[in-house]
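S.K.: Whatever this is, show me its structure:
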Amino acid sequence: MKHISDIKKFERCEKLLWWTKRAPQPFQAYVTFNENILELTLKRLGIDNYLKGQPNNTNDVFFDNEDKYDVFVSTRFEYEDLRVKIPIMVKKSDGYFLYYTYASCFPKESEAQTMADNEWVLNKLGIKVVGRKVSHLNANYCRKGELDLNELLQIDDFLYNDRNRPNNKISSLIKHRKRNLSPILKKMDETLQMEHIEKERTNICTRRNKCDYFDSCFGVKGDTSIYHLVSSSKKFDLYDQGIHTINQLDFSEIEGTRHQFAQYMAAKSGKLFFDKMAVEGFFKDIQYPISYLDFEWETFAFPPYDLMHPYDVLTFQYSLHIEDKDGNLRHEEFLGKNDCRETFIQHLIEHLPKEGSVMCYNVEGAEKLRLKQLAEQFPQYKEQLQQIWERMIDLAIPFSSGLIYDNRMAGMYSLKKLVSIFTDYSYDDLEISHGMEAVRSYINLENDADPAVIESLLKYCAMDTYAMYLVYHWILKQY
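M.R.: Residues are numbered from 1 along each chain as shown. Next comes the predicted model:
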């Protein structure tokens, strides 16, 4: 059985489809879908009488009930071993009007190809489509009280371009994307039957995010692989020229970035690269007490509480290790449930020292951003929160900018990787050892106050701030 998602994979890279069938990767959800876009759309449209399809339904379920219902929801259809699901079908006098649902704010024009492919199956089964619209989230919606579906959901007959601007009508986009899927489905079958596929590397392999199967496809091995050369526009060409490791590089092939230089020097010497003068300069303004601070948060597709927009973040936990000038270390922490934003703010303001440096890891994309969002939602605390984010120091910068580089980093500089390289500390023994695991545990925590879950969440977040303390003190020992 094949699905539309399989066609997308095949057209990106035939070997991607081949890999996903032989070595499927676990799905990682980075957003909590706390409402059902399909159910909300039905309410928005005032539809309450319909036949809802089930995962194993055949075509006959639709055809056997076509005279009994005017609306069909989550209906499954199959043709030439391709299975599709249509969110909402409304019967009209001359055919069916379709509603496609998206739990996103700006469904892109590329979705028209999926719609065209879905409708190819319908057409082959003799089902006429007379129009279609999309239901999606309104990015400007701000929750105040109960969800206002008329404001939260937009019902449009157009899709959005890459700049998130409405551009072309869906009907026009589909018209230019109609195609015969039979030859494609046949080629997919042939590909899946192959025992081995030789794949030429292209920019598709690393477009946006590197393919999950990249290392397996191209045999990436070793910490000094040329594929680990950061921000390099030439590494693929270099590999093709026979330069497979960074230590094989000539200095002239470095493209001028500090990070590449650090990688080159570490690979050539086989030792730690440490720019002592630059590192000292970076940390020269550190003031005690040092507050090592880390947040945990969750992103909700649908705003769960007042003053939140679609895809806003709820910060529910922090860990704070405080080091005084004599080297004494103490720990504070917070873990909230449900709408704990204001309590989080109050607790942080109360327990974080009013002076000294606040050390975080990847501060611009994490803790500082979270505090600025909270300041917008609760402006009465803006001055106090700003006083915190203005004292923040980003421990990631010496590693991300190439002031410090160890070959074992293999082009990466996550805090978990650094602490495993430069200290004896490890996340491996924790019940929760990854940020997304923490998020999932938090979601369960709202309905289940299991002391073991609470303890695991607190230990995980505390590990991050203690890891910062250890890495910073490792740096100090290198002076």
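
S.K.: got the residue ranges for the helices in the stretch 101-250 of the chain?
M.R.: Along the stretch 101-250 of the chain, counting by DSSP state H, counting those that start in this stretch, helices occupy 111-124, 149-152, 170-175, 182-193, 214-218, 235-240.

S.K.: do you know which of these lies nearest residue 306?
M.R.: helix 149-152 (13.4 Å; CB to CB). C-betas here are computed from N, CA, C, even on glycine.

S.K.: Residue 153 is in contact with residue 39, isn't it?
M.R.: No: judged on CB atoms under 8 Å, residue 153 makes no contact with residue 39 at a distance of 11.2 Å.

S.K.: distance of residue 51 from residue 296?
M.R.: With distances taken as CB to CB, to the nearest Å, residue 51 is found 42 Å from residue 296.

S.K.: So which of those two has more stuff around it?
M.R.: residue 296 (22 against 19; other CB atoms under 10 Å).

S.K.: so who does residue 322 touch?
M.R.: Applying CB atoms under 8 Å, 6 or more residues apart in numbering, we find residue 322 in contact with 289-292, 329-332, 353.

S.K.: Tell me where the model's unsure across the stretch 201-350 of the chain.
M.R.: Residues of the stretch 201-350 of the chain that meet the criterion pLDDT under 70 lie in 208.

S.K.: let's see 80
M.R.: 203, 206-209 (pLDDT under 80).

S.K.: can you pull out the strands in it?
M.R.: If DSSP state E, counting those that start in this stretch is used as the criterion, the strands of the stretch 201-350 of the chain fall at 273-274, 290-300, 312-323, 329-335.

S.K.: could the ones you listed be laid out in JSON lines, adding distance to residue 207?
M.R.: Converted to JSON lines, the strands of the stretch 201-350 of the chain look like this (distance: least, CB to CB, whole Å):
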{"stretch": "strand 273-274", "distance to residue 207": "30"}
{"stretch": "strand 290-300", "distance to residue 207": "23"}
{"stretch": "strand 312-323", "distance to residue 207": "27"}
{"stretch": "strand 329-335", "distance to residue 207": "38"}
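
S.K.: From the recorded domain assignment, give the ranges for the protein.
M.R.: 31-179, 272-479 (automatic domain parsing).

S.K.: right, so of the ones you listed, which gets closest to residue 250?
M.R.: That would be, of those and by CB to CB, domain 272-479, which comes in at 17.8 Å.

S.K.: and the nearest residue to residue 229 once chain neighbours are set aside, what is it in contact with?
M.R.: Nearest residue to residue 229, sequence neighbours excluded (CB to CB, 6 or more residues apart in numbering): residue 235, at 4.6 Å. If a contact means CB under 8 Å, 6+ apart, then residue 235 has 226-227, 229 as its contacts.

S.K.: now with 10 Å?
M.R.: Contact partners of residue 235, counting by CB atoms under 10 Å, 6 or more residues apart in numbering, are 206, 225-229, 243, 246, 249, 253, 255, 260.

S.K.: now residue 194
M.R.: Applying CB under 10 Å, 6+ apart, the residues near residue 194 are 14-15, 18.

S.K.: Can you report phi and psi for it?
M.R.: With angles defined as degrees, to the nearest 10, residue 194 sits at phi -70, psi 150.

S.K.: for residue 78, same thing?
M.R.: phi -140, psi 140.

S.K.: Regarding stretch 88-101, how distant is the last residue from the first?
M.R.: 8 Å (CA to CA, to the nearest Å).

S.K.: How about stretch 370-387?
M.R.: End-to-end for stretch 370-387, by CA to CA: 14 Å.

S.K.: Centre of the chain to the lengthiest helix in the chain, how far?
M.R.: Longest helix in the chain by number of residues, with DSSP state H as the criterion: helix 451-478. On the basis of CA atoms, centre = their mean, to the nearest Å, helix 451-478 sits 23 Å off its chain's mean C-alpha point.

S.K.: what angle separates it from strand 329-335?
M.R.: Between the axes of helix 451-478 and strand 329-335, defined by axes from the mean of the first three to the mean of the last three CA atoms, to 10 degrees, the angle is 140 degrees.

S.K.: how big is the angle separating helix 451-478 from strand 290-300?
M.R.: Using the same axes, to 10 degrees: helix 451-478 against strand 290-300 is 140 degrees.

S.K.: tell me which residues of helix 451-478 are tucked away?
M.R.: Under the neighbour-count criterion of 16 or more other CB atoms under 10 Å, helix 451-478 has 453, 456-472, 475 buried.

S.K.: repeat for stretch 191-208
M.R.: Within stretch 191-208, the residues scored as buried using 16+ other CB under 10 Å are 199, 205.

S.K.: From the chain's centroid, how far away is it?
M.R.: Distance, centroid of stretch 191-208 to centroid of chain: 23 Å (CA atoms, centre = their mean).

S.K.: Render the CA-only coordinates of it in PDB, please.
M.R.: Provided in PDB are the C-alpha atoms of stretch 191-208 (Å, rounded to 0.1, in the frame of the first residue of the first chain):
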ATOM      1  CA  THR A 191      12.400   0.900  -6.700                       C
ATOM      2  CA  LEU A 192      11.000  -0.800  -3.600                       C
ATOM      3  CA  GLN A 193      11.800  -4.200  -5.100                       C
ATOM      4  CA  MET A 194      15.500  -3.300  -5.600                       C
ATOM      5  CA  GLU A 195      18.100  -4.800  -3.200                       C
ATOM      6  CA  HIS A 196      20.500  -1.900  -3.600                       C
ATOM      7  CA  ILE A 197      20.300   1.600  -5.100                       C
ATOM      8  CA  GLU A 198      23.300   3.600  -6.100                       C
ATOM      9  CA  LYS A 199      22.600   7.300  -5.300                       C
ATOM     10  CA  GLU A 200      24.400  10.300  -6.600                       C
ATOM     11  CA  ARG A 201      24.700  13.000  -4.000                       C
ATOM     12  CA  THR A 202      22.800  16.300  -4.800                       C
ATOM     13  CA  ASN A 203      21.900  19.400  -3.000                       C
ATOM     14  CA  ILE A 204      18.500  17.800  -2.200                       C
ATOM     15  CA  CYS A 205      20.300  15.600   0.300                       C
ATOM     16  CA  THR A 206      21.100  18.600   2.500                       C
ATOM     17  CA  ARG A 207      18.400  21.100   1.500                       C
ATOM     18  CA  ARG A 208      16.900  22.800   4.500                       C
END
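
S.K.: Most tightly packed of the helices of the stretch 101-250 of the chain?
M.R.: A comparison of the helices of the stretch 101-250 of the chain by mean neighbour count, using mean count of other CB atoms under 10 Å, puts helix 111-124 on top with a mean of 19.

S.K.: what angle separates that helix from helix 182-193?
M.R.: 100 degrees.

S.K.: Please work out the average pLDDT along helix 111-124.
M.R.: For helix 111-124, the mean pLDDT works out to 98.

S.K.: which helices and strands sit right next to that helix?
M.R.: Helix 111-124 sits against helix 4-12, strand 71-79, strand 82-92, strand 95-102, strand 129-137, strand 158-160, helix 170-175, helix 182-193, with contacts defined as 3 or more CB pairs under 10 Å, 6 or more residues apart in numbering; DSSP states H and E.

S.K.: In three-state terms, label residue 418 for me.
M.R.: When classified by DSSP: H, G, I helix; E, B strand; the rest coil, residue 418 comes out as helix.

S.K.: and it, how many neighbours?
M.R.: There are 24 residues near residue 418, going by other CB under 10 Å.

S.K.: Likewise for residue 96?
M.R.: 23.

S.K.: same deal with the one 10 residues further on?
M.R.: The local packing of residue 106 (other CB under 10 Å) involves 17 other residues.
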